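**Student:** sequence and predicted structure, then a few things I'm wondering about:
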Amino acid sequence: MELSGKLVSQIKIKLDGDVFHELVRERPHHISDMSPDNVQNCDLQEGQWGTVGSVIYWNYTHDGEKRVAKNIIHTIDEEKKLVTFEIVEGDMMKLYKTFKLSVHVDTTGEDNLVTWTAEYEKLSEDIPDPHTFMELCLKCTNDIESHHLSINNA
């Protein structure tokens with residue numbers, strides 16, 4: 001069985017793709033207001049919001065349990081509307097040797113397509129692939145979209 005893996009999940013959103021990218025890139029601390037069932041807190045520990053190398057600490061709920069993650073912004077590509085986070089500490093590191101999570105927004109066409117990509121190496125063969133974590137990312141995406149659309153329609 002392979003220890004390294006890659007999962008990709010996509011979801012179409014009606015929300016402006018530039019707004020979604022900006023939120024993930026430089027305002028992730030607002031996600032807890034938009035998706036409080038999934039993300040309870042997001043704090044900047046080092047650096048500045050929206051800059052490569054910045055360290056962010058997350059409190060979130062995954063599979064019904066409160067969890068934490070410390071990640072570093074690994075990549076920001078404005079042209080591709082891509083942000084990559086590398087998780088370096090926290091609950092995911094109990095299961096995975098490495099874990100990178102990327103979010104890309106494709107704004108071509110009528111709908112915007114958000115693509116979440118997880119690249120990881122499991123600590124052992126009995127560790128499951130992070131399908132439920134990818135579901136969490138999609139739930140957050142839906143919550144962010146619903147939040148913004150409800151404000152715009154108010």
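**Tutor:** That came through fine. Numbering: from 1, shown residues only.
**Student:** residue 108 - that's part of a strand, no?
**Tutor:** No: assignment of residue 108 by DSSP: H, G, I helix; E, B strand; the rest coil gives coil, placing it outside any strand.
**Student:** contacting residues for it?
**Tutor:** Going by C-beta atoms under 8 Å, 6 or more residues apart in numbering, residue 108 touches no other residue. Where C-beta positions appear, they are placed from N, C-alpha and C, glycine not excepted.
**Student:** how about it, phi and psi?
**Tutor:** Here is the backbone geometry of residue 108 (degrees, to the nearest 10): phi -80, psi 140.
**Student:** just the strands from this protein, written as ranges.
**Tutor:** 4-13, 39-46, 55-62, 65-77, 82-90, 96-106, 112-122 (DSSP state E).
**Student:** residue closest to the middle of this protein?
**Tutor:** residue 137 (5.6 Å; C-alpha atoms, centre = their mean).
**Student:** pretty sure it sits against residue 9.
**Tutor:** Yes: using C-beta atoms under 8 Å, residue 137 is in contact with residue 9, at 6.5 Å.
**Student:** what is in contact with these two at once?
**Tutor:** By C-beta under 8 Å, 6+ apart, the residues touching both residue 137 and residue 9 are residue 116.
**Student:** for the protein, give me the ranges with low pLDDT.
**Tutor:** 1, 152-154 (pLDDT under 70).
**Student:** what's the longest helix in it?
**Tutor:** The helix spanning the most residues in the chain, taking DSSP state H as the definition, is helix 131-152.
**Student:** in that helix, what counts as buried?
**Tutor:** For helix 131-152, a neighbour-count test (16 or more other C-beta atoms under 10 Å) marks 133-134, 136-137, 140-145, 147-148 as buried.
**Student:** which residues touch residue 69?
**Tutor:** By C-beta under 8 Å, 6+ apart, the contact set of residue 69 is 57-58, 60, 87, 89-92.
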